[in-house]
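Q: Generate a structure from the sequence data that follows.
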Amino acid sequence: MILLKNNLQILPLSGATKKIEVFGNTSYDFISGGTGSGDVNEAYSISLVNGLINAGFTIDDELKTGYEKFIATEKGKAPKKKFFGSCLLQFRK
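A: Next up, the predicted model:
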């Protein structure tokens with residue numbers, strides 16, 4: 001999160017601003033409520049990018065594609081998730 005000081009009164013973005021660039025992995029791969037004990041079961045969620053699109057903004061496609069490729073590559077490197085009970089079953093074998 002970044003705290004901005006709105007000296008030039010740029011925020012909120014006006015209707016004149018149509019195309020924007022969105023930075024950060026979680027802008028494209030949204031984590032709702034946190035992880036671990038902060039995880040929540042929500043009825044629905046809207047990511048930052050989807051919220052901006054719904055508000056009439058256009059997201060820079062080249063930047064979006066780059067982030068999506070990076071996220072997919074990094075997720076592919078991660079070990080598969082195990083359920084807590086599966087660890088206990090391994091000790092019993």
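Q: in the chain, which spans are helices?
A: Taking DSSP state H to define them, one finds helices in the chain at 25-28, 48-54, 61-77, 84-92.
Q: Give me the contact list for the first one.
A: So the one you mean is helix 25-28. Contacts with helix 25-28, where a contact means Cβ atoms under 8 Å, 6 or more residues apart in numbering, come from V22, S47, L48, V49, K64, Y67, E68, F70, I71. (Each C-beta comes from the backbone N, C-alpha and C, glycine too.)
Q: what about the first one, how many neighbours?
A: Residue crowding around V22 was assessed by other Cβ atoms under 10 Å; the count is 16.
Q: just the second one next, same as before
A: Residues contacting S47 under the criterion other Cβ under 10 Å number 16.
Q: what does N6 give?
A: 8.
Q: Look up the pLDDT of it for me, please.
A: pLDDT, the model's per-residue confidence, is 85 for N6.
Q: what's the answer for the one 4 residues further on, then?
A: Looking at I10, its pLDDT is 79.
Q: rewinding a little: which among the contacts of helix 25-28 gets closest to I10?
A: Lowest distance from I10 to the contacts of helix 25-28 (Cβ to Cβ) belongs to V22, with 16.1 Å.
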